[in-house]
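J.: pasting the sequence and the predicted model now:
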Amino acid sequence: MSEDSSRIRFVTPRGRLFALGAVCLAAAVLGVFVVLLNGDNVLALIAGTAAIGIFGVGGGVSIINQLRHSTILRADADGIRVAKIGRAPWADIDRIGTTPQGELGVRFRRTDALLAGGASGTDAESLRATRRTSGGYDLTFAERELGTTPAEAARKLRARQP
């Protein structure tokens, strides 16, 4: 939950991301040592430079990007915002609860506002397919994505809903 009590945020747990960052850092540092200690070996220079580029630069950019986009669901007075999909006003939300599979589920009355952002890979048909397999919910979120139990997330969202 954010500092502002009128907003609720669900952030993907970052423990694995930090572990991945440590592995990338170690591989990049190893690449630096390979380059520094093998100035006359062309194959070692190529391998060391590749490790620095792939793990140091590429891994760093990827991890920073994932950290910046780790909030997957946000609720405020106007409605909910789903990362990479869009925003839905509270009037468009029919039901919030847990699915038979034990995930957080959100069912919409209308999906027009949510899908207006034009997110790739999400359309009305994919939401209907999710509804058929999730006990009637259009969007579902597993516990590993939420950073809390789906039941607790549903309780917080229902409490925020006007």
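T.: Received, thanks.
J.: ends of stretch 39-58, how far apart?
T.: Length of stretch 39-58, first residue to last, CA to CA, to the nearest Å: 23 Å.
J.: Lys84 should be in a helix, yeah?
T.: No: counting by DSSP: H, G, I helix; E, B strand; the rest coil, Lys84 is located in no helix; its state is coil.
J.: so Gly56 touches Val35, yeah?
T.: No: the criterion here is CB atoms under 8 Å, and Gly56 misses it with Val35 at 11.3 Å. (Glycine included, C-beta is placed from N, CA and C.)
J.: longest helix of this structure?
T.: Counting residues, the longest helix found in the chain (DSSP state H) is helix 15-37.
J.: which is the succeeding secondary structure element to that helix?
T.: Counting by DSSP states H and E, the next helix or strand C-terminal to helix 15-37 is helix 42-51.
J.: now that next one: buried residues?
T.: Applying a neighbour-count criterion of 16 or more other CB atoms under 10 Å, one finds 47-48, 51 buried in helix 42-51.
J.: what helices or strands is the helix or strand of the chain with the lowest mean pLDDT leaning on?
T.: Every helix and strand of the chain was ranked by mean pLDDT, DSSP states H and E. The lowest is helix 112-115, at a mean of 71. Packed against helix 112-115, as judged by 3 or more CB pairs under 8 Å, 6 or more residues apart in numbering; DSSP states H and E, are the following elements: strand 86-89.
J.: model confidence over stretch 20-35, on average?
T.: For stretch 20-35, the mean pLDDT works out to 95.
J.: show me which positions of that stretch end up buried.
T.: Quick answer for stretch 20-35 (16+ other CB under 10 Å): 21, 24, 28, 31, 34-35.
J.: pull the CA atoms of that stretch into CSV?
T.: Extracted in CSV, the C-alpha atoms of stretch 20-35 (Å, rounded to 0.1, in the frame of the first residue of the first chain):
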residue,chain,number,x,y,z
LEU,A,20,19.0,-11.6,-10.8
GLY,A,21,20.7,-8.2,-10.5
ALA,A,22,23.4,-9.7,-8.3
VAL,A,23,24.0,-12.5,-10.8
CYS,A,24,24.3,-9.9,-13.6
LEU,A,25,26.6,-7.7,-11.6
ALA,A,26,28.9,-10.7,-10.8
ALA,A,27,29.0,-11.8,-14.4
ALA,A,28,29.8,-8.3,-15.6
VAL,A,29,32.6,-7.9,-13.0
LEU,A,30,34.0,-11.2,-14.1
GLY,A,31,33.9,-9.9,-17.7
VAL,A,32,35.9,-6.8,-16.6
PHE,A,33,38.5,-9.1,-14.9
VAL,A,34,38.8,-11.3,-18.0
VAL,A,35,39.4,-8.2,-20.2
